[in-house]
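**Q** could you work out the structure for the sequence below:
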Amino acid sequence: MSYLAEYKKDGIVSKRSNRADTILKSSHTLSSTHIATKADAVDGMVQHELKYNSHVAATDAFLDKLLDVKETTVDRIYGKLVESGNYNPNKALWRDFPQSKATEQALYEPFTAAANAVNEACTALGLPVEIQTSWLDRHNTAPKSRDTDAPAIRPDIVSVLGATKDLKELDTKIYAKEEAACLLQNADLGAEQQADELAQAWWHRVHVPVEIKLGKGEKDILSAVQQLCAYMRQVFREQLDRRFVFGLAFCATELSVWFCDRSGLIGTETAFDIHKEPKKFIQVIAALALLPPDRLGWDPSMWLYRPSAEEHFVHSWESGVKLEDFGSNAYRTYWAFDMPSRDGKTRERFISVHGLSLVRSEIMCGRATLVWEVVRDDEEAKDETRYVLKQCWRPMSSHRESYFYEHARSTNASASLNVGKVYSSEDVHIGAEVDTTLAMRRGLTLTPTSITDEPVTGKRDRGDTIERFIHVQTTAGGSARFSAPASDPNPRVLSRMLMETYGWPIKFFKDIPELLRVIRDAITGHRTLYYGGVLHRDISKTHGELIDLDYAKSTADFTPPVVFIDQEGWDRDTKEGYETCAKFLRPVQITEDAFYALWMRYGGGRNKITTYVSDILDLKEGLKNAKRPLTCEDLDIYYETSPRPDFSAHKTQVVARTATMCFASYEILKDRKYYLIGRAEHNSIHDMEAIFWVADYLCLTRDGPGGSRRKELRGEQCGGAANSLEQIVYCFFDSENVQVLLENRKTLFDDYTDVETYIVKQFHPYFDVLKPLVVEWWRLIRFAYFSGSYTPMHQPFLQVLNNTLREIEKSPPSKQSAATLAELERRRKDLSHGAPYPPYIQACLDSTAAAAAAEPSSPPMRTKKHKGDV
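**A** Predicted structure coming up:
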């Protein structure tokens, strides 16, 4: 029994998502915005991403390639530590570590002290410390975050940016305060508050997180690695200029080192005892201070912009950077980027106005796409243009996104129509080398393994819910050995693209005519790309100009359009086919052009032609009594005059990619055709179906202009109607279970009237005028699949839309609603949001805001931070 059938018959109430805008890629799970992320949700995200993207490497090779410090330097630091008494070679023990079994808390302070002692030895020896850091024990307090929705996760120890000497005295006071409740009893309140504030670590200043466990059994070690991965994910979430992150897992006496970039996780194959192998410990800690910032995961190609400071542009890890140099949140922190000029001959600097979409920064294995609104830093040019800067870690096997825009324009002269405009793009370089995850891993060989999902040893509880992506064995010496499922990592490259297309998501429409014009422009943009040899494949948000070609595919192969010829020019088989079909269809007649179009479509298949016409007559019963031959338009036969792109030679990438789940066709979700045998190849009809689902979602979940979500879906009690609406939204859009989505889409195809009964019926009253359009779109889509024609649907979609728009525009204009006026005011404020920019930049922003006072005829593109924006 299908999901929709259960709902129709029994009124089932599925487990519904409470998130406002749940739009998910099936390849990634993201934290919701405006809802606090729970720790167990973070664990689930980590498992989902790293289950098949985790690897291990030989420990010595890992350390020598990723954390390489000269042996002579390590020896010098070791000698200094022995001399200072921080390490006792006779006892093979670091200072203050318990010599017998103790509590986990007893490990925090000595580990912190040992790590800080290494840092101090580096300074005392005059070694070139690249990054000033301090190791802090903050096991009782989670690092603070500028993100109010950040999960309350708490590393035991963190290495934070800042000199050790500045915090050493503070740490001493903090430990004393834990023992004596009134450390500052005689101090004034301001001093106590200051001490408490300084005691806090901030996530956006965390250099390396550490997780500590008292035991070193399998469960302890796995738990430590799992928690450590959650901390590394949070570092990515908070630090937009991090390319990769190191993390340390310390269990009893053994340390394992972990590295995460956007291609996944790598760990040392074997943990080592820091007391028995102190020089390895020294190498790890020293490398985290002595290596250049780019070797420790920081991005030297972007700078903090500090408009009120004497030095405007600094890297976030530099000494002297203060907390106030960052904005109140990630979206209000200002960054600077250097990009190629339009002609590629020079480089130009751009400054971010604010973040547009940053929620994917936490992705541990994937594109981790970030988007900012930026302006050009050029006082002489006084450029008033607002640009959009898009950054992602694309697979090295994929084209840069700008390639698809260029490819479409090179093959279709009209491909600039309603398609985003690229100013410039590049693959980012670190020095002279392209920034790739391959380069970051420095030729490290990943150790293959034949370990299955079940561990070789250990006392794992079968009921344990932790899904292991790392497995643990015990070596002959009792140390932990890690292994991971053998698989090839997907190497990625950091790319940036600067676009001249700026605007808002479609949900911020101001009225119905504008909404229809935006959808029309998007369909037109899709058509121009399609006939330029580019297929979008990831429709999730409709804009006035089509953008986001990250997952597009392209071709240089084209099939000539059908050329209609009179019957005198037909060959014998065609003439006989026409006569045969005419006899079968009597008394209905079809024109020669209609027959010839179907003859060419089905390759001379007479049965297919008559079946197609019979099916159309069943859907359009009025045509059965027509007194004239039926035309191509009567029979829903649409052929455009441009050559059609042929994607048959396109090779699917090894790395799986899926469309946005909640708007994807059943055929894409299932990889199977609706009615025919065989796998489904993504074509233009699937993107048109996605536009249909986007329109449905908007009409179901919004209450009119401005993007406000319906009160029935905001948790307000609205009776049984709200319950039915929630079920529909869940079953067709919000479920994170792909099976729920695809089964409901498939079941909806079985009965043509169900789209009216169960989808359109639930539209908000504001969208009643769009109900006939949506129903007709569904009829067109369903019949195209049913007939197996898979022809481009742009023309029929646009025809229905334009007819609807003309009817609406016939009505006399009404007074603008309060919601429309509120949306226009929101746009004005959005364009005038302040930032302490240099005067010439601020003037550009002010002039843009002033221009917004006039009503825009169509909202341009922009992607806000909400992952579910539509």
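**Q** name the next helix or strand downstream of the longest strand anywhere in the chain, please.
**A** The strand that spans the most residues within the chain, counting by DSSP state E, is strand 347-357. Sequence order places strand 370-376 as the next helix or strand after strand 347-357, per DSSP states H and E.
**Q** can you give the distance of the longest strand of the chain from its chain's centre?
**A** 19 Å (Cα atoms, centre = their mean, to the nearest Å).
**Q** okay, now residue 220: neighbour count?
**A** 19 (other Cβ atoms under 10 Å). To be clear about C-beta, it is placed using only N, CA and C from the backbone, and glycine gets the same treatment.
**Q** picking that back up, just want the angle from the longest strand of the chain to strand 370-376.
**A** Strand 347-357 runs at 140 degrees relative to strand 370-376, counting by axes from the mean of the first three to the mean of the last three Cα atoms, to 10 degrees.
**Q** and strand 347-357, which strands flank it?
**A** In the sheet, strand 347-357 lines up against strand 335-340 (antiparallel), strand 370-376 (antiparallel) (DSSP bridges).
**Q** now do the buried residues in the first one.
**A** Judged by neighbour count using 16 or more other Cβ atoms under 10 Å, the buried positions of strand 335-340 are 335, 336, 337, 339, 340.
**Q** list the contacts for the closest residue to the first one other than its chain neighbours?
**A** If I follow you right, that is residue 335. Spatially, and ignoring its direct neighbours in sequence, residue 335 is nearest to residue 352 (4.6 Å; Cβ to Cβ, 6 or more residues apart in numbering). By Cβ atoms under 8 Å, 6 or more residues apart in numbering, the residues touching residue 352 are 305, 333, 334, 335, 336, 337, 372, 373, 374, 389.
**Q** most neighbours of all the residues you listed, which one?
**A** residue 374 (26 neighbours).
**Q** contact partners for that residue?
**A** Neighbours of residue 374 in contact, by Cβ under 8 Å, 6+ apart: 337, 350, 351, 352, 353, 386, 387, 388, 389, 498.
**Q** pLDDT on stretch 636-655, on average?
**A** Averaged across stretch 636-655, pLDDT comes to 73.
**Q** can you pull the buried residues of it?
**A** Neighbour counts using 16+ other Cβ under 10 Å place 636, 637, 638, 639, 642, 644, 645, 647 of stretch 636-655 among the buried residues.
**Q** nearest to residue 558, of the residues you listed?
**A** Nearest to residue 558, judged by Cβ to Cβ, of these is residue 645 at 5.6 Å.
**Q** so where's the stretch 651-800 of the chain uncertain?
**A** 651-659, 715-723, 789-790 (pLDDT under 70).
**Q** if you set the cut-off to 50 instead, what comes out?
**A** The stretch 651-800 of the chain contains residues with pLDDT under 50 at 654-658, 719-720.
**Q** can you give me the helices in it?
**A** Using DSSP state H, counting those that start in this stretch, the helices of the stretch 651-800 of the chain run over 666-670, 684-701, 720-729, 738-750, 754, 771-787, 794-810.
**Q** and for the stretch 201-350 of the chain?
**A** Listed in chain order, the helices found in the stretch 201-350 of the chain under DSSP H, counting those that start in this stretch are 218-238, 278-290.
**Q** residues in a beta bridge with the residue nearest to residue 335, which ones?
**A** Beta-bridge pairing for residue 352 (DSSP bridges): residue 374.
**Q** next one, pLDDT for it please.
**A** Predicted confidence (pLDDT) for residue 352: 93.
**Q** re the thing from before, of all the helices of the stretch 651-800 of the chain, which one is nearest residue 379?
**A** Ranking those by their distance to residue 379 (criterion: Cβ to Cβ) puts helix 684-701 first, at 41.7 Å.
**Q** just the CA coordinates for the closest one, please, in CSV.
**A** The C-alpha coordinates for helix 684-701 follow below in CSV (Å, rounded to 0.1, in the frame of the first residue of the first chain):
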residue,chain,number,x,y,z
SER,A,684,14.1,18.9,-19.5
ILE,A,685,10.7,17.5,-18.5
HIS,A,686,12.1,16.6,-15.1
ASP,A,687,13.2,20.2,-14.6
MET,A,688,9.7,21.4,-15.7
GLU,A,689,8.1,19.0,-13.2
ALA,A,690,10.4,20.5,-10.5
ILE,A,691,9.0,24.0,-11.4
PHE,A,692,5.5,22.5,-11.0
TRP,A,693,6.4,21.3,-7.5
VAL,A,694,8.0,24.6,-6.5
ALA,A,695,4.8,26.4,-7.5
ASP,A,696,2.8,23.9,-5.5
TYR,A,697,5.0,24.3,-2.4
LEU,A,698,4.7,28.1,-2.6
CYS,A,699,0.9,27.9,-2.8
LEU,A,700,0.6,25.4,0.0
THR,A,701,3.0,27.0,2.5
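**Q** elements contacting it?
**A** helix 512-530, helix 720-729, helix 771-787, helix 794-810 (3 or more Cβ pairs under 8 Å, 6 or more residues apart in numbering; DSSP states H and E).
**Q** switch these over to CSV; also include distance to residue 702 and mean neighbour count.
**A** Converted to CSV, the helices and strands packed on helix 684-701 look like this (distance: least, Cβ to Cβ, whole Å; neighbours: other Cβ atoms under 10 Å):
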stretch, distance to residue 702, mean neighbour count
helix 512-530, 10, 23
helix 720-729, 11, 17
helix 771-787, 14, 19
helix 794-810, 18, 16
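**Q** strands along the stretch 151-300 of the chain, start to end?
**A** Secondary structure of the stretch 151-300 of the chain (DSSP state E, counting those that start in this stretch): strands at 157-161, 206-213, 245-251, 254-261, 264-268, 272-273.
**Q** looking at the ones you listed, spot the one closest to residue 408.
**A** Comparing those by their distance to residue 408 (Cβ to Cβ), the top pick is strand 254-261, with 31.7 Å.
**Q** surely residue 39 and residue 153 touch.
**A** Yes - using Cβ atoms under 8 Å, residue 39 makes contact with residue 153 at a distance of 5.3 Å.
**Q** what about residue 614, helix or strand, and which?
**A** In this structure, residue 614 sits in helix 606-619 according to DSSP H and E.
**Q** what angle separates that helix from helix 771-787?
**A** Put simply, helix 606-619 runs at 160 degrees to helix 771-787, going by the same axes, to 10 degrees.
**Q** quick one: buried residues of helix 606-619?
**A** Buried residues in helix 606-619, counted by 16+ other Cβ under 10 Å: 606, 608, 609, 610, 612, 613, 616, 617.
**Q** against residue 237, how distant is the first one?
**A** Taking Cβ to Cβ, to the nearest Å as the measure, residue 606 and residue 237 are separated by 61 Å.
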